[in-house]
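# give me a model of this one.
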Amino acid sequence: MTTTEPPAQLVLDLGHRPALGRADFLVSQCNAEAVAWIDRWPDWPAPGLVIWGPAASGKSHLGQVWQARIAAPMISAADLDNREPPDLAGDLGAVYFDGADGIVGNPTRQRAALHVYNLIAEQGGKILFSARTPPGRWRIELADLHSRLNALPAVAIAPPDDAVLGAVLLKLFADRQLHVGVAVIQFAVTRMERSFEAAERLVTALDTAALASQRRVTIPLLREVLPHIGSAGHSDELP
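Okay, here's the model as predicted:
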């Protein structure tokens, strides 16, 4: 008989941060430092904070947790093209700037971003930036903006670890009413690409394959599906 209960090591010490309209944010070693900085708000030592990490690592999700917590507006680099900085800065003294590295190579966006930054800083407010890389790697032509961004604390989110991936897979399977054994979860997390996006792709593919073949989600089915999903850091030949 299979069980959906994970072994203790998959979920041990995972905290939660609720987000509006989304699953709880899972806290583990890969993102604990970033979560600690979010929890320090508004006691940040600078007018802003940069959270950075690879695609689908959860940085935008964590940014939305912060945004929801204080009802701050969210802006993107594209918003700088067609909205005025005072409108983008809002009147709450706090802004979440998602995908802030979208200003790289665009002097017009950089000037608007500097204006937004200054408006927030003058109010004693805070800006939370999310990006794929830290500001020190951005090509910023505007010297004033370059110096301001590089003075901000920047904290990385690593790709999800086994604990987070296991918990996410369990939830995704449960959402589809799929009963999956612990061995399947353990097999998957050690072979799949380490991202939340990959977890969603894998569960979707397994659900489709199980329905098409009228089979349960087991390790043999996982062996068939994984090569078509892609993997990172593992051999293509599954043991």
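
# who are the contact partners of the residue most central in space within the chain?
Taking Cα atoms, centre = their mean as the criterion, Gly58 is the residue nearest the geometric centre of the chain, at 1.2 Å. Residues near Gly58 by Cβ atoms under 8 Å, 6 or more residues apart in numbering: 25, 31, 157, 160, 196. Quick note: C-beta positions are derived from backbone N, CA and C, even for glycine.

# Val95 now?
Val95 neighbours (Cβ under 8 Å, 6+ apart): 72-75, 88-89, 116, 120, 125, 127-128.

# redo those as TSV? Include pLDDT, secondary structure and distance to Ser213.
Compiled in TSV, the contacts of Val95 are given as follows (pLDDT from 0 to 100; DSSP: H, G, I helix; E, B strand; the rest coil; distance: Cβ to Cβ, whole Å):
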residue	pLDDT	secondary structure	distance to Ser213
Ala72	92	coil	47
Pro73	94	coil	47
Met74	95	strand	42
Ile75	96	strand	46
Leu88	94	helix	51
Ala89	92	helix	54
Val116	97	helix	53
Ile120	95	helix	55
Gly125	94	coil	55
Ile127	97	strand	50
Leu128	98	strand	45
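
# so which of those is the most crowded?
With neighbours taken as other Cβ atoms under 10 Å, the top of these is Ile127, carrying 27 neighbours.

# make sure it is actually in contact with Ala94.
Yes: counting by Cβ atoms under 8 Å, Ile127 touches Ala94, with 7.4 Å between them.

# shared neighbours of these two, anything?
The contact sets of Ile127 and Ala94 overlap at Ile120 (Cβ under 8 Å, 6+ apart).

# tell me which helix or strand Asp81 sits in.
Assigned by DSSP states H and E, Asp81 belongs to helix 79-82.

# for that helix, name the packing helices and strands.
The elements that helix 79-82 packs onto, with contact taken as 3 or more Cβ pairs under 8 Å, 6 or more residues apart in numbering; DSSP states H and E, are helix 107-122.

# so what touches the helix it packs on?
47-48, 75, 77, 80-81, 85-86, 88-89, 93-95, 97, 100, 102-103, 126-127, 140-142, 144-145, 148.

# one step back: so can I have TSV of the contacts of Gly58 showing neighbour count, secondary structure and distance to Leu211?
TSV is the format used below for the contacts of Gly58 (neighbours: other Cβ atoms under 10 Å; DSSP: H, G, I helix; E, B strand; the rest coil; distance: Cβ to Cβ, whole Å):
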residue	neighbour count	secondary structure	distance to Leu211
Phe25	19	strand	30
Asn31	29	coil	33
Ile157	21	coil	34
Pro160	25	coil	27
Phe196	20	helix	23
